[in-house]
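J.: Sequence unavailable; structure follows:
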């Protein structure tokens, strides 16, 4: 079974631009979560999408947004990029079963560099 | 989610068992212990999880103390490819958010 895929793997943008990252979950998984990893803050939760609805949100400004499509694929968007947005953006998928543990499996990440 | 405490770094000789400790003294009854590892600049890799019983899979064993306030991840025969940052995470059954701490940098030496 194919794992979580993320595109693109590497991206270079300039301040003020916007960027869209894509995530395809493991087949059958309906939940997609996004995380940001920086050297200073470590791995931080951005948000989770399930059934095309945002279910949970981390402590990030409104410039960070996302969406999920009917096939469970997800995109995240960062508008008005700042230098501090340079990070590894990770996507994780899971079944999101109720009343049960729900292991998240991570993709390889997208390395975003803001110049 | 309950907070966890892990040593910052550990070393292990290739072929020997690596025992990575984790303290989670404020863990609640419905919270699971999860372990992930991250090799430099790659996505975190799921290793194992458990509630109160010891667990074993093809990658590792997880030993949880009876009071559930601490656990140990055991890699039975460490190889150079096991060099990574290992994260111990405590999460609720239905929680979707993983809260990562600093983790333990395990270095396996030849």
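T.: The structure has been received and is ready for your questions. No experiment lies behind these values; they were computed from the predicted model shown.

J.: Could you measure from the residue nearest the centre of chain A over to residue A:56?
T.: When Cα atoms, centre = their mean is applied to chain A, the residue found nearest the centroid is residue A:34 (2.9 Å). Distance from residue A:34 to residue A:56, counting by Cβ to Cβ, to the nearest Å: 10 Å. Placement of C-beta: from N, CA and C, glycine included.

J.: repeat for residue B:59
T.: Applying Cβ to Cβ to residue B:59 and residue A:56 gives a distance of 28 Å.

J.: swap in residue B:108?
T.: Distance from residue B:108 to residue A:56, by Cβ to Cβ: 36 Å.

J.: quick one: least confident helix or strand in chain A?
T.: Of all helical and strand segments in chain A, the minimum by mean pLDDT, DSSP states H and E falls on strand A:53-57, at a mean of 91.

J.: need the next SSE after that strand, C-terminal direction.
T.: Next in sequence after strand A:53-57, counting helices and strands by DSSP states H and E, comes strand A:64-68.

J.: what's the weakest-modelled helix or strand in chain B?
T.: Least confident helix or strand, chain B: strand B:84-92 with a mean of 92, by mean pLDDT, DSSP H and E.

J.: Parallel or antiparallel, which strands does it pair with?
T.: With DSSP bridges as the test, strand B:84-92 is paired with strand B:31-38 (antiparallel), strand B:104-109 (antiparallel).

J.: ok, and which of those strands has the densest surroundings?
T.: strand B:31-38 (a mean of 22; mean count of other Cβ atoms under 10 Å in any protein chain shown).

J.: Let me see the ranges of the strands in chain B.
T.: Applying DSSP state E to chain B gives strands spanning B:9-13, B:18-23, B:31-38, B:45-50, B:55-56, B:61-64, B:70-75, B:84-92, B:104-109.

J.: An error on my part: the question was meant for chain A.
T.: Using DSSP E, the strands of chain A run over A:5-7, A:10-13, A:19-24, A:31-38, A:42-50, A:53-57, A:64-68, A:74-78, A:87-94, A:105-106, A:110-114.
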